[in-house]
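Trainee: Got a predicted model here, sequence first, then my questions.
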Amino acid sequence: MGTALDKEAVDNGTKYKDAIHTLGSYLVHRGQRTWLYPTIFFNLSTVGRKQKTLLKEIGSFRDHVINQRRKSGSYKNLYQEVMNEQENDYYLLGGKKRLAMLDLLLETEEQGKIDVEGINEEVDTFMFEGHDTTATALQFAFMELANNPEIQDKVFEECQQIFGTSGRKPTMNDLAEMKYIECCIKETLRLYPSVYFIIRSCKQELQLSQKFAMMEMKMVIAAVVREYRLLPITKPKDVVFTADIILRPIDPIYVKFEKR
Ligand code: HEM
C-alpha cells in the first residue's frame with residue numbers, strides 16, 4: 001500500500017497485523033464447527049462476537065490509512081509522472097519513486113471507476129491474503145536455499161546471467177527470465193503449501209493469470225541472493241508445522257545472511 005505499518009502508527013499497526021492473524025484462526029474455528037455455518041448462529045457465538053469487534057478495529061485502521069493518503073493528495077502528481085515515463089515497469093518496480101497500489105486505487109476513484117467500498121475491498125484483499133501467504137512461502141524458500149547450496153548457486157548464476165555485475169533493479173522482462181527461481185518457488189510451494197486447502201471446486205476450465213505473488217517472491221529472492229549467501233541454521237527436518245488459515249512453522253526459521 002506504500003504505507004509502512006509500523007511507522008504509520010506503531011501500536012495500531014501491530015494491532016492490525018495481530019487482528020488479521022486472529023481473524024484467520026476464527027475462520028478455521030468456524031470451519032471446524034458445522035453448527036456455526038449459519039450466520040445467525042455464528043453471530044451469536046463468542047467467537048462471532050469477537051470477530052465483529054475485530055472487523056471494526058481492522059476497518060477503522062484501514063480507513064485511517066486510506067483517508068490520510070487521500071488527504072495528502074500526493075498520489076496525483078506521482079501517477080501522472082509514472083504515466084509519462086516510457087519505461088513504466090522499471091519505474092514501477094525499481095525507480096526512485098514508487099507508485100503504491102493505494103495510489104492507483106485513489107487515482108482510479110478520481111476517474112469514477114471505483115468507489116470507496118471497492119477500494120476498501122481491494123485493500124483488505126492485499127492485506128488479508130496478500131502478505132502472510134508470500135511471507136511464509138519466502139521463509140521456507142530461504143530455509144531450503146540455505147540448506148541446499150548447490151541449488152542456491154544455480155539461483156545466483158541465473159541472477160548473474162540476468163543482471164551481470166550491475167546493481168540495477170529488476171524489470172518485468174527480468175522477472176520473466178527468472179525461470180530457475182520460478183522452479184524453486186514452485187518446489188517450495190509443493191513442499192510447504194502456504195494455502196494447504198481448497199474450499200471451492202472449479203466447475204469449468206480456467207486459465208490462471210493471477211501472477212502477482214510469483215513476481216513478488218521472485219523479486220525478493222533475487223534481491224537477497226544477489227547480495228547475500230544464505231547459510232543454514234534451521235534444518236527442514238526440525239520444522240514443526242501448525243496449520244491455521246495457512247501453513248506456518250511453530251518456531252521461527254533462522255537463516256544466516258553472509259555478504260557475498
Ligand atoms: C504464495 C502465495 C499464495 C498462495 C500459495 C495462494 C494460494 C491461494 C489459494 C489456494 C486460493 C484458493 C482458496 C480456495 O478458494 O479454496 C487463493 C485465493 C485467493 N488469493 Fe491467494 N495465494 C497466494 C498469494 C496471494 C496474494 C499475494 C494475493 C493478493 C495480493 C492473493 C489473493 C487471493 C484472493 C483474493 C483469493 C480469493 C480469490 C477468489 O475469490 O476466488 N493471494 N490463494
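Mentor: Thanks, I have it. Here the structure is a predicted model, which means the values were calculated and not measured.

Trainee: Tell me both backbone torsions, phi and psi, for R248.
Mentor: phi -130, psi 160 (degrees, to the nearest 10).

Trainee: what is it paired to in the beta sheet?
Mentor: When bridges are taken as DSSP bridges, the partners of R248 come out as T242.

Trainee: contacting residues around it?
Mentor: Contacts of R248 were listed using Cβ atoms under 8 Å, 6 or more residues apart in numbering, and they are T136, F241, T242. (Each C-beta comes from the backbone N, C-alpha and C, glycine too.)

Trainee: Which of the residues you listed are buried, as a PyMOL select command?
Mentor: A single PyMOL command selects the buried members of the contacts of R248 (16 or more other Cβ atoms under 10 Å):
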select buried, resi 136
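
Trainee: Looking at the contacts of R248, which is nearest the ligand?
Mentor: Nearest to the ligand among these: T136, at 7.5 Å, using Cβ to the nearest ligand atom.

Trainee: what's the helix or strand for the residue nearest to the closest one when sequence neighbours are not counted?
Mentor: Ranked by Cβ to Cβ, 6 or more residues apart in numbering and with sequence neighbours excluded, the top spatial neighbour of T136 is S194, at 5.0 Å. Assigned by DSSP states H and E, S194 falls within no helix or strand.

Trainee: contacting residues for S194?
Mentor: By Cβ under 8 Å, 6+ apart, the residues touching S194 are D132, T133, T134, T136, A137, I246, L247.

Trainee: make it 10 Å
Mentor: Contact analysis of S194 by Cβ atoms under 10 Å, 6 or more residues apart in numbering lists 132-140, 188, 213, 245-248.

Trainee: Can you report how many residues neighbour the closest residue to M127 other than its chain neighbours?
Mentor: Leaving aside its sequence neighbours, M127 sits nearest to I20 (Cβ to Cβ, 6+ apart; 6.6 Å). As a burial measure, I20 scores 18 neighbours (other Cβ atoms under 10 Å).
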